[in-house]
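1. coords below, sequence missing:
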Ligand code: SF4
C-alpha cells in the first residue's frame, strides 16, 4: 500500500460512498453547535419533520452572544437573548446536551470541545463556524460548515464533500524569545496570503510543531482557515494523548488502550506525497503584528507599515491604500510607534489556560498604561477561568489594571456588548482584523497574548522579548 | 431549493479582493433566527452612511453615494462581478442568504473562499471561477457599457457576452445536477440510508469508543 498522509487516513476512514465525479458522503462523528448558525437548521429539521440521526454526537453551547460581565442579570439585548433561548429550546426539544450560560463548562465552542475531550483523534468534527479547524490539532478532520450543512449533518450524520488537496507546512527549529504559535500562524499567512490555503487541508509538522503544547497546536490550526484552508491538522503524539487522558468525553478504562493504539497511527507515513510543501525556519519568525484589514497584512514588530507604492500589483495597491485609510495609519510608520486604545485577550485562538498564563507573566508586577482605555481578559471557558483563578492569574491581571471577565467570544466579533468605538485601535489576540469586526469603525491589530499584554503595558506595540 | 438553469442578468462590479463575509453581512444581523430578509443589510457598512441594527427601517437610512451598488445603473443586478478570495472569513450562511435576498444569483470571481463557495450552491446560487484576465476584461466591459448584461447557461456551462462570444466555466457534476433540478441535499442523501447504516456498523466495530 502506498504511503498516506494524515489527511488521507482521516478521509478514507470516513467515506460512506463516493460518486464518479469525486463527490463523497463522509460520515461525521461529532457536531458542535452554537446559537448563531443553528436556529435555521433546527427550523429546517422541524419543517421537514425530520429527527436528528444521532443526538449523542452533538454538543451545544452558547458563546457568541453571551455577556462577559454582570452575567447574573442575563442578556440585555432582546434579540441576542432570543437567539440563546432558541438554542436552549431546540436542545431541550431534541435531547441535545448543552452547556448553558450558567454552567462552568460553558465557553467558546472551540475551547469547550477539546477541553471536554469531545474532540478525539481520528474523528470528523464539524460546526457551523469556520474556526472548527481548531480541532484538527488532535489529528481530527475538522472543518467549518454552513447552516444548510449543519442541518444536513443533523439529519443524516453525513456531509457531502469533495476531497481537498494536501499541504504540508513544516516548521523546524527553536522559536525565539516571545515568539509563539500565534506568530507562526501569522507568519504562514503573511507568506502564502489569506487564499494561499484555499482548496487545501493543511498539516502542520516539524520539530517546532511537535514542541508545541496542545494549546499552541490549537492556535495554529485555528488560524488555518485564515490562510484559506478549511482544515488544519497535527499528528498524534504523546502530548496529544497526555492532554486527553481523563477528560470527561475521552474513552474510559478498557477502551482507552485500544483508542490510543489506533490514535498512534494517525500521522503521515514516511514518504507520503503532499500537493504543496511549505518550509519555515522557526528561528526566523519574529513577533507578528497585523497592520491592515486582512490577516495577510502582517509584519514583524521590527517592521514598518508598508507603502502601497511597493504593492506587487494594482489590485493589491488599492487594497493596501484602503486598509491604511481604514486603519488610520501612515505608510512607513514603525510598528512599535503605533499607540493603542484597547486590548482584548481571549477568543478561540488565544483564550486557553496557557494563553492566560503567558499574558499574566507579562502583566505581573506591571501596570496598564494610562493611555489605554480598556484592557480586557476573557477566558475561553468557565473551566479556563476557574483554573486561572486557582493559579492567581486573575489577581495579577486585576492588579495590573486589566478587567477579568466571564467566558465567551466577546470582542473577537463584538456580537455582545464588548466592542470598539469607531476609530478605536485594539491589540487583539483574536483571529480576524476585518473592517468592523470588533465594532463598526474599530481598528484591530492581531497579536499573540504576550504581545497584547506588552502593548497594554507600553500603550503601544513593543517587542515582548525586550520588555 | 430554487432551480438554476439559465439567467440573463445585469452585472454589477465590486472591484475589491478578499471581500469577507463580515462585510457581506455584518454580525449584528446574525442575531436573527430567520433565514430570510437579509437582503436590505447586504454590505450594510459600505452601503449606508449610518450604523445599521436589526429592526431598523432600511428604506429610511441614508445611502452611501460612493458605494458602487448604490449607483442607479446597477439597480436590479443579478450577477456580481468581483475579485480574488470572495467570501473569505466566517462560515456564516447568512452571507449567501443576504446576496440572494438582494437579488444576486451568480457571482463571478477569480477565486472564492471554500465554505462560502459551498454555501452558495445550497441556496440556488451559482459561483463561477474565471481566469483573472477574463475577470479583468469583464470589469472593463461592465464599466464602459451601461446596462451590461451576461447570459449564464448552466446546462452548457457557458457565459454568453453581448457580442456573442462565449466563456466556458467549470462546475462539479453533482452540484450542477442539484442546481439544475433544485434538489435539496438532505433528500438526496437520505436515499442512501442503508449505506450510512452499514458504514456506521463498520465504524463502530473499528472505533467502539466513539459510540461508548
Ligand atoms: S472566539 Fe471569535 S472566532 Fe472564535 S468562535 Fe467566537 S467569534 Fe468565532
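-> Perfect, thanks for sending it. This is a predicted model, so every value here is computed, not measured.

2. Spell out the secondary structure type for residue B:128.
-> strand (DSSP: H, G, I helix; E, B strand; the rest coil).

3. Likewise for the one 5 residues further on?
-> Following three-state DSSP, we place residue B:133 in the helix state.

4. Relative to the ligand, how far out is it?
-> With distances taken as CB to the nearest ligand atom, to the nearest Å, residue B:133 is found 35 Å from the ligand. Yep, even glycine has a C-beta here, placed from its N, CA and C like the rest.

5. for residue A:149, same thing?
-> 17 Å.

6. wait, isn't that residue in contact with residue B:118?
-> Yes. Contact criterion CB atoms under 8 Å: residue A:149 and residue B:118 qualify, at 7.4 Å.

7. now the top strand by length along chain B, how far from the chain's geometric center?
-> When chain B is parsed with DSSP state E, its longest strand is strand B:6-14. Offset of strand B:6-14 from its chain centre (CA atoms, centre = their mean, to the nearest Å): 12 Å.

8. Contact partners for residue A:30?
-> Neighbour list for residue A:30: A:57-59, A:113, A:118-120, A:123-126, A:140 [criterion: CB atoms under 8 Å, 6 or more residues apart in numbering or on different chains].

9. which one of these is nearest residue A:417?
-> residue A:113 (25.4 Å; CB to CB).

10. what are the ranges of the strands in chain B?
-> B:6-14, B:79-82, B:106-109, B:126-129, B:149-153, B:158-160, B:166-168.

11. Quick one: list the elements packing against the fifth one.
-> This means strand B:149-153. On a contact count with 3 or more CB pairs under 8 Å, 6 or more residues apart in numbering or on different chains; DSSP states H and E, strand B:149-153 meets strand B:6-14, strand B:158-160.

12. ok, back up a step: quick one, the longest strand of chain B and strand B:149-153 angle?
-> 130 degrees (axes from the mean of the first three to the mean of the last three CA atoms, to 10 degrees).

13. so what strands line up beside strand B:6-14?
-> Strand B:6-14 pairs in its sheet with strand B:79-82 (parallel), strand B:149-153 (antiparallel), by DSSP bridges.

14. any chance of the ones you listed in TSV, with mean pLDDT and distance to residue A:350 too?
-> Converted to TSV, those look like this (pLDDT from 0 to 100; distance: least, CB to CB, whole Å):
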stretch	mean pLDDT	distance to residue A:350
strand B:79-82	98	32
strand B:149-153	98	43
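
15. Which one of those lies nearest to the ligand?
-> strand B:79-82 (24.0 Å; CB to the nearest ligand atom).

16. Please work out which residues outside the closest one touch it.
-> Contacts for strand B:79-82 (CB under 8 Å, 6+ apart): B:7, B:9-16, B:19, B:99, B:104-109, B:135, B:138-139, B:142, B:150, B:152.

17. try stretch A:42-56
-> A:58, A:86, A:90, A:94-97, A:148, A:151, A:154-157, B:33, B:35, B:186, B:196.

18. if you set the cut-off to 6 Å instead, what comes out?
-> Around stretch A:42-56, the neighbours that count as contacts under CB atoms under 6 Å, 6 or more residues apart in numbering or on different chains are A:90, A:94-96, A:151, A:154-157.
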